[in-house]
Every structure is written in structure tokens, then in C-alpha cells.
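# pasting a predicted model and its sequence here:
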Amino acid sequence: MSRIAPLSGFPELLPAQRAVEREVIASLSRTFELHGFANIETRVVEPIDRLAKGGEVDKEIYVLQRLAAEPDAKAELGMHFDLTVPFARYVLEHAGHLEFPFRRFQVQPAWRGERPQEGRFRQFTQADVDIVGRDELPFHHDIEVMSVMVDALSRLAIPRLSFQFNNRKLIQGFYRGLGIDDVTDAIRVIDKLDKLPADEVARMLVERVGTTPEQAQRCLELATIRVPDDSFVERVRALGVSDELLDQGLDELAAVVRGCRAVAGDRVDVEANLRIARGLDYYTGTVVEVFMAGYERLKSVGGGGRYDALASDGRTTYPGVGVSFGVSRTLIPLITDGVLSGSRPVPSAVLVALNTEDDRAVSTQVASALRSREIACEVAPSPAKFGKQIRFAERRGIPFVWFVQPDGSHQVKDIRSGEQVDADPRAWTPPEEDVRPTIISTATPSSTARDTEENQ
RNA sequence: GUGGGUAUAGCUCAGCUGGUAGAGCGCCGCCUUGUGGUGGCGGAUGUCGCGGGUUCGAGUCCCGUUACUCACCCCA
């Protein structure tokens, strides 16, 4: 038993696993940049009164304090529990130096003191993309930012994802048209649909929100609409509720679904799901939750939406729209299940063998020649028997071993096939797929939820 | 925060109604005096989570404690 015990909820990856995470983050970043989003990194801490706005997450905030602080001193700094709150502060603080609409992406850890579980950690990495405007932000940015995430995630070799969209205006307009007063509370109850049976939810609407049984029934009918295209518009209209805000919500949702379908490849589904609400009350239009096939138990692996007041300094309001992807939540279960793995735990593509300790300079020169052409390599640690040196490479997943012959010529051996050929350190190049550690994925584009479940 | 489970070698685990610590895999060496993987032979490794109690004797029983883990709650 080792003295060092793991800390629950603070996952650490082994080198090959970390290679997977790094490649995923690099891929996401490349796509975000392809769409013109700039990267920022915000500080880890925020003043606690800015983080704690009276929500449930308040007590989960990790506090940062000097060890030498006065015993009765009240902590002033807390670690951020998402990337949206720090971003809102960043926008206000640097508004004078930013160009609006401001498009940024951010990949950083966040901290939350919840009980850890599968896909749920106390320290976890998130990838956020947002667009924020000054005073106003045209609706087409909703389509844009959602499309960016659809594009980014569709490039990952992970199980099939489903983007499920809804629109707060649609819900609010519908409820208002029905004559329901407390829209927020009604939404919160409808959100329980995936846990409670429909009649139970209907009863709660009547008892807790004060709707009539007829109103509750219409709410349920709306919430059960789920289609992969804009045909939901007709189905909602068929429910016979009319409201100006409802019409606007229908138009927006239809546009988002159409726009995202256009960029979704064969790895990503796009749907309108009128039960999606999101618990947070600052969303004002588009809302989205992302689910992964075979991993429905993780709940959403991403989510976001439109907020008309991301930030405000009292004079200027900054509306925003964005979506966030749970990097740790998604990747760690996939790595644990063996769906994703790294091809090797070291970057080296070549191990340069060492004949004798006196020959180290010769081997180092070979390594330099390879490195000058961007080939990652390392020199063997000791002039052990070649069998040992090959085994050293094998253990680390290094695919090639380089030998300097007694006559000064060179040979390189692919230790997987055993094939050994003459080679020139100034010209030889490994096959493209061996240059860097890569992600090995058993998830296929055609895999469906059922396939993945059966494989578990 | 509430409730359950678990804690023994690097890893996965066995260890009966209490009798002095085990397997597989991995690791190291040799067979194999300069090209690995298969095979054979040999070898090393444990505060049995921690503290207390019962007992002639505790990995095993009792109490406490800590950590991990699963479920609920909630979220990425």
C-alpha cells in the first residue's frame, strides 16, 4: 500500500492518457480558431461576492486564503466554478480594449466542491466558446456560435453526440399564451420530466405552480415534442396557443436547428427538443444541451445558450451567447472504459541506440539530425545489449530504433514488424501516423446509442 | 449534506469457525557474449489503511477513525 492516497475528485492522467486530452484540446482550439475565435485565459480566483450570486453552487465554492491570514479573517477569494462568470468579469474589466462583438474561446479547469462521481469531478476542464456584444448582439450569432461547437465536436473521435436545442422565448411565450404566471417555476418542474413520470409532473404543475390541469396538459404536450428538423413549428402551432414571443422563439429555434444541421457531419445529431430548459435562469433565448450516445448516465456533456445580460456595468449591457463542453466529464469516462487511448506514453518516435558510452556523441548527432527535421527522438540511456535497448523502446511504445553500424553507416528498425533498413539521418522520415502520439479510438461514426450500450 | 460498500505485493485479487502472508500479471536475473517479443529456470517486494479493544495468539472478531468508492441531490 502506497503512502500516497489519491484525492477524490482531482483526477490525474498518465502520460498516454494525457496525450489524448492534449490532442482533443488542440483539435478543439484549432477549430475555434478556424472560426475566428481568439483564446483568452482568465485568472483562477475571483472575489467571492462576484462568484456567489445566491445560487446553489455557492457552498461548493473552493476558497483561497493565505495560511497566515488572521484566524477570524473572512475569505475574499474563491476559485471559479465555471468559465462564464470569470468571462463576464473579464469583459467588464477590459471592455475598453476589446472589439465587439467579441469572440473568444477558453479551455481551463474549474473547481466545484461536489461529491465526485463518474464524469463529475472537483477539478475539471471545460472548453467554452462565446460571442458577446455591446448593448446588442444580433440573433445570427446564436446560429454561429452553436455551429462552431457542432463543427469542433464533430471532428473528435468520440461516440456520437446529440445537440438538443430549445428556446426560452418559445417556452415563455407558450406559457404566457396559456396564461401561466410563474414561468420560471413551471420550467423548473418540466425539467424533472426525465426523472418523474408525466402524470407526476402534471400534478406538480397544478399543485406547486398553480396551473389548471388543462394548462399542465398543454405544457406536457409541448415538452414531448422532439424532432430532428424544423417540423416542430407546425406541431407547436397545432397546439393552438398564440403569442408574439412564442412566434419569435419558434423562428429562432428553427433557424438554429437548420443552421447546425448544415454543419453537422455524420458524428453529430441535431434536434429540437422542447423539454430542454436548463436550470439556470439567466438564459433568455436559445438553449442547448449536448448528450453522448451510450453515456446518457453522464447527463449532458455540454450546454449553453443565449443570455441578454451576460454582464452589465450599470450603463452598458453586454449580451452574449455561448456553449461549453465538459472536456474532463467526456474524456475521463471514455479513457477509463478504453474507448480512447493514447498510441504511446512518450513523444519519441525514434530511440537512437548507443553502442558504447564513448559513442554517445555519435548517437547524439543522429538525434540532432532527426530533430532538425521535427522528428521527436531520444538517445538510449545506457549502452546495454541491443536486446535491452530494443526492449526499452518497446516498453515506451517508441516504434523505431536507430543503429549506427561499426562502419559508420546507419540502419533503422521498425520494432513492430522487425524490418530493419539502411537509412540516412538527414533524410529518413517515419510514416506520418508515427510522427506523434495519436488517439486510438474504438468509437466509430456509425456507432449508435444502442451499439455503444451493448459494447459495455 | 444523507445512505451503502471497500481497504492485503507495482496492478487485479484470494486468505474458511482466529494459529504467524499467498496467486496471477508485472518487474529483475539466467538459459541467450551485442537485435526485443514466445518458451524454460530462478529471484526480489508487504507497518494486511490508521488507532484502540478482546485473546496465549488478530489480516480474520469488536469499537473508533481516515481514505477510496457507489447511490441520492445537483451540475460540465
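That came through fine.
# check contacts around A:Leu220.
A:Ile190, A:Leu193, A:Ala198, A:Val201, A:Ala202 (Cβ atoms under 8 Å, 6 or more residues apart in numbering). C-betas here are computed from N, CA, C, even on glycine.
# now the closest residue to A:Asp142 other than its chain neighbours: how far from RNA strand B?
Nearest residue to A:Asp142, sequence neighbours excluded (Cβ to Cβ, 6 or more residues apart in numbering): A:Thr286, at 4.5 Å. Going from A:Thr286 to RNA strand B by Cβ to the nearest atom of the strand, to the nearest Å gives 14 Å.
# just to revisit the earlier point, in CSV: the contacts of A:Leu220, plus distance to RNA strand B.
Listed next are these as CSV, based on distance: Cβ to the nearest atom of the strand, whole Å:
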residue, distance to RNA strand B
A:Ile190, 12
A:Leu193, 12
A:Ala198, 17
A:Val201, 13
A:Ala202, 18
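# most neighbours, which of those?
Counting neighbours by other Cβ atoms under 10 Å, the top entry in the contacts of A:Leu220 is A:Ile190, with 24 neighbours.
# residues contacting it?
Counted by Cβ under 8 Å, 6+ apart, A:Ile190 has contacts A:Val201, A:Leu205, A:Cys219, A:Leu220, A:Ala223, A:Arg275, A:Ala277.
# just the pLDDT for it.
For A:Ile190, the pLDDT comes out at 81.
# phi, psi of it?
As for A:Ile190, its main-chain torsions (degrees, to the nearest 10) stand at phi -60, psi -30.
# against A:His94, how distant is it?
Look at A:Ile190 and A:His94: by Cβ to Cβ, to the nearest Å, they are 38 Å apart.
# what's the answer for A:Asp191, then?
Counting by Cβ to Cβ, the gap from A:Asp191 to A:His94 is 35 Å.
# before we move on, what about A:Tyr318?
11 Å.
# more neighbours, those two?
Legend: neighbour count by other Cβ under 10 Å for A:Tyr318 and A:His94, higher for A:Tyr318 (25 against 11).
# could you look up the SS state of that one?
strand (DSSP: H, G, I helix; E, B strand; the rest coil).
# identify the bridge partners of it.
Counting by DSSP bridges, A:Tyr318 forms beta bridges with A:Ala311.
# might one say that it is in contact with A:Tyr90?
No - using Cβ atoms under 8 Å, A:Tyr318 is not in contact with A:Tyr90; the gap is 10.7 Å.
# domain ranges for chain A?
Using automatic domain parsing, the domains assigned to chain A come out as A:10-159+A:294-342, A:166-282, A:350-440.
# chain center to the second one: distance?
Mean C-alpha position of domain A:166-282 versus that of the full chain (Cα atoms, centre = their mean, to the nearest Å) differs by 25 Å.
# for the residue of the stretch 251-400 of chain A found nearest RNA strand B, what are phi and psi?
Nearest to RNA strand B in the stretch 251-400 of chain A, going by Cβ to the nearest atom of the strand, is A:Gly326, at a distance of 2.2 Å. Dihedral angles of A:Gly326 (phi, psi; degrees, to the nearest 10) stand at phi -80, psi 100.
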